[in-house]
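In: Give the three-dimensional model of this entry:
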Amino acid sequence: MAGLTNSPFGSCRIYYELFDGLQDDDVIRGLKVKLQLGGSAANIYYDQFQMTLYGRSGRVDSPNVVTLHRELITRPYNVDWVTLSIDEAIDPDLHVRTLVLKLEATEVTSEVQLPPASKLWQDQWYAADPAPWQVRVLSYTVFASTIGRRITPRSAIKDIVSPYFTVVGGSSGPVLDQLCFNETGSRLEALDSVNEMEGYDYFVWDDADELVLQDQDAGPVVRVHSHDPAISYDFTENIDDTYNACRVGWTGHQGDPHEVIVHRRAPGLGSWGRSNTKAFTFQAPDSCKHAKDAIRIGRRFLRDHRLNSIDGSLTVSGVSEDLGDALLLRPGPRYTIAGASNVRHRLKATRVTLHPLEWTAQISFDVSPTRFDQWLARLNAGARARRR
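Out: Numbering: from 1, shown residues only. Got it, this is the predicted structure:
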């Protein structure tokens, strides 16, 4: 049995093209890959080969910059497939932009196994005979960011606001396959762009270095009575974001355009919506290639746009019986105004504006459908649920 060698006698490369690729200024900072080796020739020559992962700074044919991983391939008795796992961190100063995985011979043998003439080496797996060597890529993750782990919306937000703030609250969320900013703009714009996938309410106070993330349906419930002389309120409903139909366009596998129209009753439109159609038109993501997928997207859109949105504010003057000092109010709670039959319960405060000279605080509410926007943003980013 031969050992590992820095001068292999021969090699073959395994090509596996990644989606999109790195941006101009990015470098690869880490790799996690799990694969399996098998095949008719592998059963005979397992102990004469090694698996090596090289890092290169340019194209596939450019010189090696670093040897990241090397492992001798050994096969236990009566096992058809050997599983290999590679987990390597890469120094960004090496400027590795291409990874090459090679199967290398550790010794020369006079035995040569030629396939019989009846063997058919076709591209179609269902029509081809087993190849001498076969490689299964079970999973892989290429890290090209300073985050250095599987990227979730919360971890991206944490990286955006660092080192000015630490992130408090929020869940781990889905794992993102791709997240690219062509024009980042300010940190606030990048934060809002990532936050579209989660829809967090976030706030920061001058005397703290924490960015607090809070779900829209989270926060303590505060009950305010309408007869409290220290409060006044003004709420209006509008149908700007209420629809009972939508037209979804998508592009097929051959690049041909299609569209589908989906209907659903919207209680927010009242009697007007029973005889009239209020429709919205949008283009589905590129991953939508079938009519059933477009219908599913349309139904989800209408589900989250069936009720009217609410605009309004609650003004607190001086000291309230239920809320206390107006200047000590903060965003986060959900408010219920008892005695106001025309106002929804558990309204989430999106902004608190303090007026110290007037000893008043204005609590603003903007209740609009955002769940569909979050879901669509996740879909565009290739997000998927975390495996538990």
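In: Regarding the chain, what is its longest helix?
Out: Of all the elements of type helix in the chain, the one with the most residues (DSSP state H) is helix 291-303.
In: on contacts alone, who are the packing partners of that helix?
Out: Packing partners of helix 291-303 (3 or more CB pairs under 8 Å, 6 or more residues apart in numbering; DSSP states H and E): strand 245-251, strand 257-263, helix 371-380. (Glycine included, C-beta is placed from N, CA and C.)
In: got a list of contacts for whichever helix or strand comes after it?
Out: Sequence-wise, the next helix or strand downstream of helix 291-303 (DSSP states H and E) is strand 309-317. With CB atoms under 8 Å, 6 or more residues apart in numbering as the test, strand 309-317 has contacts from 224, 230-238, 240-242, 323, 326, 329, 335, 337, 343-344, 347, 349, 358-369.
In: Give me the mean pLDDT for strand 309-317.
Out: Strand 309-317 shows a mean pLDDT of 84.
In: buried ones in that strand?
Out: 309, 310, 312, 313, 314, 315, 316 (16 or more other CB atoms under 10 Å).
In: what distance separates that strand from the middle of the whole chain?
Out: Strand 309-317 sits 34 Å away from the centroid of its parent chain (CA atoms, centre = their mean, to the nearest Å).
In: Please apply the same query to stretch 153-165.
Out: Centroid displacement of stretch 153-165 relative to its chain, using CA atoms, centre = their mean, is 15 Å.
In: Kindly export it (C-alpha atoms) in CSV.
Out: Taking C-alpha atoms only, stretch 153-165 is exported to CSV below (Å, rounded to 0.1, in the frame of the first residue of the first chain):
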residue,chain,number,x,y,z
PRO,A,153,-30.6,37.1,7.4
ARG,A,154,-29.7,37.6,11.0
SER,A,155,-26.0,36.8,10.5
ALA,A,156,-25.9,39.2,7.5
ILE,A,157,-27.6,41.9,9.5
LYS,A,158,-25.0,41.3,12.3
ASP,A,159,-22.2,41.7,9.8
ILE,A,160,-23.7,44.9,8.3
VAL,A,161,-24.1,46.8,11.6
SER,A,162,-20.7,45.6,13.0
PRO,A,163,-18.7,47.1,14.7
TYR,A,164,-21.1,49.9,15.7
PHE,A,165,-23.9,47.8,17.1
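In: buried stuff in that stretch?
Out: 153, 154, 155, 156, 157, 158, 159, 160, 161, 165.
In: ok so, going back, the contacts of strand 309-317, buried ones only, as a PyMOL selection?
Out: Entered in PyMOL, the line below selects the buried ones among the contacts of strand 309-317, by 16+ other CB under 10 Å:
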select buried, resi 224+230+231+233+235+237+242+323+326+329+335+337+343+344+347+349+360+361+362+363+365+367+368+369
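In: Please enumerate the helices of the chain.
Out: Under the criterion DSSP H, the chain contains helices at 42-45, 153-161, 187-195, 272-275, 291-303, 371-380.
In: most packed of the ones you listed?
Out: Comparing those by mean neighbour count (mean count of other CB atoms under 10 Å), helix 153-161 comes out on top with a mean of 21.
In: now the longest helix of the chain against strand 245-251, angle please.
Out: Here helix 291-303 points in a direction 140 degrees away from that of strand 245-251 (axes from the mean of the first three to the mean of the last three CA atoms, to 10 degrees).
In: could you check the angle strand 257-263 makes with helix 291-303?
Out: Orientation note: helix 291-303 sits at an angle of 40 degrees relative to strand 257-263 (the same axes, to 10 degrees).
In: residues making contact with helix 291-303?
Out: 243-246, 248-250, 258-264, 266, 280, 282, 284, 287-288, 372, 375-376.
In: Quick one, which of the helices of the chain gets closest to residue 72.
Out: When those are compared by CB to CB, helix 42-45 sits nearest residue 72, at 12.6 Å.
In: tell me the mean pLDDT for the closest one?
Out: For helix 42-45, mean pLDDT is 62.
In: what's the answer for stretch 53-61, then?
Out: On average, the pLDDT along stretch 53-61 is 83.
In: could you dump the helices of the chain to JSON lines with distance to residue 51?
Out: As requested, those are arranged in JSON lines below (distance: least, CB to CB, whole Å):
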{"stretch": "helix 42-45", "distance to residue 51": "12"}
{"stretch": "helix 153-161", "distance to residue 51": "31"}
{"stretch": "helix 187-195", "distance to residue 51": "37"}
{"stretch": "helix 272-275", "distance to residue 51": "63"}
{"stretch": "helix 291-303", "distance to residue 51": "39"}
{"stretch": "helix 371-380", "distance to residue 51": "35"}
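In: could I get the buried residues of stretch 153-165 as CSV with distance to residue 189 and pLDDT?
Out: What follows is the buried residues of stretch 153-165, written out as CSV (distance: CB to CB, whole Å; pLDDT from 0 to 100):
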residue, distance to residue 189, pLDDT
153, 15, 83
154, 18, 85
155, 18, 83
156, 13, 84
157, 13, 85
158, 17, 86
159, 15, 83
160, 10, 84
161, 13, 85
165, 16, 86
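In: Out of those, flag the one nearest to residue 36.
Out: The closest of these to residue 36 turns out to be residue 155 (CB to CB; 29.7 Å).
In: isn't residue 278 right next to residue 241, touching?
Out: No - between residue 278 and residue 241 there is no contact, the gap being 10.3 Å when judged by CB atoms under 8 Å.
In: which one is residue 69 nearest to, not counting chain neighbours?
Out: Spatial nearest neighbour of residue 69, excluding adjacent residues (CB to CB, 6 or more residues apart in numbering): residue 53 at 4.1 Å.
In: With residue 100 instead?
Out: Leaving aside its sequence neighbours, residue 100 sits nearest to residue 54 (CB to CB, 6+ apart; 4.6 Å).
In: So, low pLDDT: which residues of the chain?
Out: Within the chain, the segments meeting pLDDT under 70 span 1-2, 15-25, 40-47, 108-132, 145-150, 177-184, 205-207, 366-388.
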